[in-house]
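[1] predicted model, plus sequence, below.
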Amino acid sequence: MGALQTSPLYYPFAALVGQEELKLALLLNAVNPRIGGVVICGEKGTAKSTAVRSLAALLPEIDCAAGCVFLLAPQEAESASLCGICAICRMCSRTGRTGQTVQRPAQVITLPLNATEDRVVGGVDFDRTIRQGCPVIQPGLLARAHQSLLYVDEVNLLDDHLVDLILAAASSGTNRIEREGLSFAHPTRFILVGTMNPEEGALRPQLLDRFGLCVDVRAEADREARVLMMERREAFDTDPAGR
């Protein structure tokens, strides 16, 4: 077994100053993603994004079936092969039973505000479909976030329809692609984190209620704490690896 890639250097979670409720909410979701995710409300400069990305370094490496573009765990890949899902996917030549297992670091998959439904959910790879003469699945961001963390920055500015799709996938653990007469489903187990600045608009109550936790954060007011934050940040920027 081997790692597919090295983990990026994120600001250390333990170096965050203050924001105890924010850190607790993130850790609770890391321990049990079935909590349903967390939405973090706060103005700019409250370390929302930094805290989310820092969490990724604490997550254990994930096991993936070698060659699987949907990052299925070995047991998921075997089940997919037995159910004929691999035959529909056609994105790799693995069989589900004989493929090796590789390890990769958990990732923070960021969903951009301009994302389309096909980019989020997945769709048909038209170039490969034309070349191969049959429909070929193109994985979306939900597939890339499987076994990792999906980060939706400015979730209150995202199209409500996309938020609905993401929350549905997070709660069911399955993402379904229905495109061009093709029906395909794959596992989507991820930690869901959304951040928002309430000054830029509110999140619909119906959507807010579907997140497991909601945390309000404010800028640190203590002078000594703010100095400590700046010192730690400067030390990290100077030597991220801490050598």
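    The structure has been received and is ready for your questions.

[2] CA only for contacts and neighbour counts going forward, please
    Noted.

[3] which helices and strands does the strand or helix carrying residue 49 pack with?
    In the assignment (DSSP states H and E), residue 49 maps to helix 48-56. Judged by 3 or more C-alpha pairs under 8 Å, 6 or more residues apart in numbering; DSSP states H and E, helix 48-56 is in contact with helix 20-31, strand 149-153, strand 191-196.

[4] quick check: buried residues in that helix?
    48-49, 51-56 (16 or more other C-alpha atoms under 10 Å).

[5] which secondary structure state does the residue lying closest to residue 240 once chain neighbours are set aside sit in?
    Excluding its sequence neighbours, the residue lying closest to residue 240 (C-alpha to C-alpha, 6 or more residues apart in numbering) is residue 9, at 6.8 Å. Using DSSP: H, G, I helix; E, B strand; the rest coil, the structure places residue 9 in coil.

[6] pretty sure residue 9 sits against residue 239.
    No - judged on C-alpha atoms under 8 Å, residue 9 makes no contact with residue 239 at a distance of 10.5 Å.

[7] so the two - more neighbours on which side?
    A direct count of neighbours by other C-alpha atoms under 10 Å for residue 9 and residue 239 places residue 9 higher, at 13 against 10.

[8] all helices for the protein, in order.
    Remark: helices assigned in the chain by DSSP state H are 20-31, 48-56, 74-82, 85-89, 117-121, 126-132, 141-144, 160-172, 205-208, 223-238.

[9] bridging residues for the spatially most central residue of the chain?
    By C-alpha atoms, centre = their mean, the chain has its centre lying nearest to residue 150, at 1.8 Å. Beta-bridge pairing of residue 150 under DSSP bridges involves residue 109, residue 192.

[10] count the residues that sit near the residue nearest to residue 17 when sequence neighbours are not counted.
    Using C-alpha to C-alpha, 6+ apart and skipping the chain neighbours, the partner closest in space to residue 17 is residue 229 (6.1 Å). Around residue 229 there are 17 other residues, counting by other C-alpha under 10 Å.

[11] how close does residue 229 sit to residue 11?
    Residue 229 sits 12 Å away from residue 11, going by C-alpha to C-alpha, to the nearest Å.
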